[in-house]
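>>> here is my input; please provide its structure:
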Amino acid sequence: MNTIAHTIAHMLLQIGAVTLRPQQPFTWTSGIKSPIYCDNRLTMAFPQVRDLIAAEFSNRINCEWGLVDVIAGTATAGIPHAAFVAQKMCLPMAYIRSSAKGHGKENMIEGLIRPGQRVVVIEDLISTGGSSVKAAQAVRDAGAEVVGVAAIFTYGFEKATQTFADAGIPLRTLTSYDTLLEIAVEKGYIRQEELNLLAAWRTNPENWPA
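Got it, this is the predicted structure:
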């Protein structure tokens, strides 16, 4: 077990960007009880981690989508990673607000995205996929083509899969909940017997624990 996905998952656990706590779950703002908390903003504080993430984003973009014109980050957590990737690939960078400004030009997109350009949207985390698709739609509304969304981590919810499929937007992630659980067991972050509990959450988070 030595893939980039496993390496990134291990790094996220090591730096505390991801915390697994099946016996003392977190409570999300939605009220959902969750055995996992993910804060990929912490990667900004670790140059080796953020550089590996930027390098892998760049590799994926080149392999999956070829030549692109703009790297666009979602506000706020996707912005630094978009900047790192754009710098590495020598490409223009923009970012997409969650809603249009209430003053000035009332922009939703900051930076420059021109009609006809090929754009990759960078996210830090995929949960339901709704905010990512909203950001991608803003790029489409500007007349550009969203060739895909790239994210560091996904919970792997079926709802997100459906959301991206309905929008016709390819999604690629550097690592995932399933991969994280493999590493977490191997490295001793959780016990083998906790796996079923963690897997059950991903299948039915609204009614977890049963």
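>>> wasn't residue 107 part of a helix?
No. Counting by DSSP: H, G, I helix; E, B strand; the rest coil, one finds residue 107 to be coil, located in no helix.
>>> against residue 98, how distant is it?
12 Å (C-beta to C-beta, to the nearest Å). (C-beta placed from N, C-alpha, C; glycine too.)
>>> would you tell me which helix is longest in the protein?
For the chain, the helix that runs over the most residues, judged by DSSP state H, is helix 47-65.
>>> who's in contact with that one?
For helix 47-65, the surrounding residues in contact (C-beta atoms under 8 Å, 6 or more residues apart in numbering) are 4, 7-8, 11-12, 15, 43-44, 68, 71, 80-81, 84-85, 87-89, 118, 120, 122, 147-148, 150, 152, 170, 172, 174.
>>> may I see the PyMOL selection of the buried members of those?
With 16 or more other C-beta atoms under 10 Å as the criterion, this PyMOL line picks the buried residues out of the contacts of helix 47-65:
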select buried, resi 7+8+11+12+15+43+68+71+80+81+84+85+88+89+120+122+147+148+150+152+172+174
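>>> which element follows the longest helix of the chain toward the C-terminus?
Next helix or strand after helix 47-65 toward the C-terminus (DSSP states H and E): strand 70-74.
>>> output the contacting helices and strands for that following strand.
In terms of contacts (3 or more C-beta pairs under 8 Å, 6 or more residues apart in numbering; DSSP states H and E), strand 70-74 is packed against helix 78-89, strand 93-96, strand 118-126, helix 130-141.
>>> pick the most deeply packed of those.
strand 118-126 (a mean of 25; mean count of other C-beta atoms under 10 Å).
>>> that strand to strand 70-74, inter-axis angle?
30 degrees (axes from the mean of the first three to the mean of the last three C-alpha atoms, to 10 degrees).
>>> could you dump strand 118-126 to PDB, C-alpha only?
Only the C-alpha atoms of strand 118-126 are listed here, as PDB (Å, rounded to 0.1, in the frame of the first residue of the first chain):
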ATOM      1  CA  ARG A 118     -11.200  25.700 -20.200                       C
ATOM      2  CA  VAL A 119     -11.300  25.900 -16.400                       C
ATOM      3  CA  VAL A 120     -10.600  23.500 -13.500                       C
ATOM      4  CA  VAL A 121     -12.300  24.300 -10.200                       C
ATOM      5  CA  ILE A 122     -10.300  23.400  -7.100                       C
ATOM      6  CA  GLU A 123     -12.000  22.300  -3.900                       C
ATOM      7  CA  ASP A 124     -10.600  21.200  -0.500                       C
ATOM      8  CA  LEU A 125     -13.400  18.900   0.400                       C
ATOM      9  CA  ILE A 126     -16.400  17.300  -1.200                       C
END
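>>> angle of that strand against helix 130-141?
Using the same axes, to 10 degrees: strand 118-126 against helix 130-141 is 170 degrees.
>>> partners of strand 118-126, with directions?
Here strand 118-126 has these sheet partners by DSSP bridges: strand 70-74 (parallel), strand 145-154 (parallel).
>>> just the C-alpha atoms of whichever helix or strand comes after the last one, please, in PDB.
In this case it means strand 145-154. Remark: after strand 145-154, the chain's next helix or strand is helix 158-167, criterion DSSP H and E. Provided in PDB are the C-alpha atoms of helix 158-167 (Å, rounded to 0.1, in the frame of the first residue of the first chain):
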ATOM      1  CA  GLU A 158     -23.800   8.800  -3.000                       C
ATOM      2  CA  LYS A 159     -25.600  12.200  -3.000                       C
ATOM      3  CA  ALA A 160     -22.400  13.900  -4.200                       C
ATOM      4  CA  THR A 161     -21.900  11.300  -6.900                       C
ATOM      5  CA  GLN A 162     -25.400  12.000  -8.100                       C
ATOM      6  CA  THR A 163     -25.000  15.800  -7.900                       C
ATOM      7  CA  PHE A 164     -21.900  15.800 -10.100                       C
ATOM      8  CA  ALA A 165     -23.500  13.400 -12.500                       C
ATOM      9  CA  ASP A 166     -26.700  15.500 -12.800                       C
ATOM     10  CA  ALA A 167     -24.500  18.600 -13.500                       C
END
